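Q: what would the 3D arrangement of this be:
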Amino acid sequence: METTAGLTFRDATDADVDTLVALVESAYRGDDSRAGWTTEADILEGQRTDPEGVLAVVRSPDSRLLTVERDGRVVACCQLEHRGSYAYFGMFAVSPTLQGGGLGKVVIAEAERLAVETWGVTEMHMTVISVRDELIAWYERRGYRRTGRTTPFPYGDERFGIPQREDLRFELLVKPLV
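A: Next up is the predicted model:
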């Protein structure tokens, strides 16, 4: 367990699953997500994740689901997955009412530090829905670069949401960590 700027960082446990699903859903889907700027409510409906998906990350030997607390309350999370020379960064969520205050910057910096310290990786990779220009710009300000490499959005698989447009795809962003 690490403490930074009044925050406690720890690995999620099975007991955190419901809280983390609720956090991720609130940050990306439905009316609650509109309180923050990371909402996907206009491009995707339905779920962003589910208990089974979160539990799989919690239990995976090559992943950690970093859980961030302030005053005993879960306020953010992110997935880190070891993939050889790089780590994958995903499932990043900050409570919508706390977005825009610098919390996300602290969390991503700590995630990058932990990935290097834990696995010795030299890069962080992530995928972002390519039409999320404001979000991509935020990551670019953190040192991530667009690669132009895309993968299709899983249309028809409602575990990832119900698309509201036909042009969705994921773009790979990469940041050197050393």
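
Q: contacts and neighbour counts: CA atoms only from here.
A: Will do.

Q: can you name every helix or strand that the lengthiest strand in the chain contacts?
A: What stands out as the longest strand in the chain, according to DSSP state E, is strand 73-83. Using 3 or more Cα pairs under 8 Å, 6 or more residues apart in numbering; DSSP states H and E as the contact criterion, the secondary-structure elements in contact with strand 73-83 are helix 17-28, strand 63-70, strand 86-94, helix 103-119.

Q: helices and strands around the second one, which ones?
A: The reference is to strand 63-70. With contacts defined as 3+ Cα pairs under 8 Å, 6+ apart, strand 63-70 has these neighbours: strand 7-11, helix 51-59, strand 73-83.

Q: may I have it as PDB, with CA atoms only?
A: Only the C-alpha atoms of strand 63-70 are listed here, as PDB (Å, rounded to 0.1, in the frame of the first residue of the first chain):
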ATOM      1  CA  SER A  63      -2.500  -7.800 -13.800                       C
ATOM      2  CA  ARG A  64      -3.200  -5.500 -10.900                       C
ATOM      3  CA  LEU A  65      -6.300  -3.400 -10.500                       C
ATOM      4  CA  LEU A  66      -4.900  -0.400  -8.700                       C
ATOM      5  CA  THR A  67      -7.500   1.000  -6.300                       C
ATOM      6  CA  VAL A  68      -7.200   4.600  -5.100                       C
ATOM      7  CA  GLU A  69      -8.800   5.800  -1.800                       C
ATOM      8  CA  ARG A  70      -9.200   9.100  -0.200                       C
END
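
Q: quick check: buried residues in that strand?
A: Under the neighbour-count criterion of 16 or more other Cα atoms under 10 Å, strand 63-70 has 63, 64, 65, 66, 67, 68, 69 buried.
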